[in-house]
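Q: sharing a model that was predicted from the sequence below.
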Amino acid sequence: LAKTTQPISMDSYEGQEVNITCSHNNIATNDYITWYQQFPSQGPRFIIQGYKTKVTNEVASLFIPADRKSSTLSLPRVSLSDTAVYYCLATGYSTLTFGKGTMLLVSP
Amino acid sequence: DAGVIQSPRHEVTEMGQEVTLRCKPISGHNSLFWYRQTMMRGLELLIYFNNNVPIDDSGMPEDRFSAKMPNASFSTLKIQPSEPRDSAVYFCASSDPGQTSYNEQFFGPGTRLTVL
């Protein structure tokens, strides 16, 4: 299983863009990079997934360089409600393995 | 769809008692997962089922834990006897191989278990 490394915590202010970088040096050819978001007292929620280059949806963008050894989750113009833990996973045919995630705190 | 449903949402019990957690996956999903989350260990996979059959239970901590999936719409996780170290939030998740995102799992709201 590809191990992922991401910052333990990040701080931001409302309206700013937040970029969370994740490294996955040993990612396998058939792994996708997937990000989940978890609010307090809730289960994790899938937010975005990609294999290479850039993916964008209504919530976030995901940037993956050609070597796929890292990825960056970009949250545009964060609000207080984006305060959560964000998990980066390299997902393949096996089950999901969640690390500690990045605790993002958005302040007014 | 109502999403993944778990019951109870909160459970407080005494050491030695039997605890049963329940999960109803999203209709049409054929994979079901049980996770446990604590501050110390994070989110850990306990067991998962595919088409109601247990595929991997290597995450089940010990024989006191058992899980069943008698049909496609219901699963239970049982702890007997319970111990204080079992206190955690237990999540159930389900997934559908036909969905557009690879290996996307939908999580329930969790059951917060406290064993005194």
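A: Structure's in. What do you need?

Q: any low-confidence regions in chain A?
A: A:1-2, A:93-94 (pLDDT under 70).

Q: could I get the full set of strands for it?
A: A:9-13, A:18-23, A:32-38, A:45-50, A:53-56, A:61-64, A:70-75, A:84-91, A:102-107 (DSSP state E).

Q: can you redo these as TSV with mean neighbour count?
A: Every C-beta, even on glycine, is put in place using the N, C-alpha and C of the backbone. Formatted as TSV, the strands of chain A follow (neighbours: other Cβ atoms under 10 Å in any protein chain shown):
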stretch	mean neighbour count
strand A:9-13	14
strand A:18-23	18
strand A:32-38	23
strand A:45-50	19
strand A:53-56	12
strand A:61-64	20
strand A:70-75	21
strand A:84-91	23
strand A:102-107	17
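
Q: which one of these lies nearest to residue B:114?
A: strand A:32-38 (20.2 Å; Cβ to Cβ).

Q: list the helices and strands that closest one packs on?
A: Contact partners of strand A:32-38 among helices and strands, from 3 or more Cβ pairs under 8 Å, 6 or more residues apart in numbering or on different chains; DSSP states H and E: strand A:45-50, strand A:61-64, strand A:84-91.

Q: list the contacts of the residue nearest the centre of chain B.
A: The centroid of chain B falls nearest to residue B:34 when counting by Cα atoms, centre = their mean (2.9 Å). Neighbouring residues of residue B:34 by Cβ atoms under 8 Å, 6 or more residues apart in numbering or on different chains: B:23, B:45-48, B:67, B:75, B:77, B:90-92.

Q: repeat that with 6 Å
A: B:46-47, B:67, B:77, B:92 (Cβ atoms under 6 Å, 6 or more residues apart in numbering or on different chains).

Q: just give me the closest of the residues you listed to chain A.
A: Within the contacts of residue B:34, proximity to chain A (Cβ to the nearest Cβ) peaks at residue B:92, which comes in at 8.3 Å.

Q: surely the closest one meets residue B:6?
A: Yes. With contact defined as Cβ atoms under 6 Å, residue B:92 counts as touching residue B:6 (5.3 Å).

Q: looking at those two, which is more packed in?
A: Between residue B:92 and residue B:6, counting by other Cβ atoms under 10 Å in any protein chain shown, residue B:92 is the more crowded of the two (28 against 22).

Q: which residue does chain B have closest to chain A?
A: Counting by Cβ to the nearest Cβ, chain B gets nearest to chain A through residue B:107 (2.8 Å).

Q: hey, what's that residue bridged with?
A: Under DSSP bridges, the beta-bridge partners of residue B:107 are residue B:93.

Q: show me what contacts it?
A: So residue B:107 contacts A:43-44, B:91, B:93 (Cβ under 6 Å, 6+ apart).

Q: same question, residue B:104
A: Contacts of residue B:104 (Cβ under 6 Å, 6+ apart): residue A:46.
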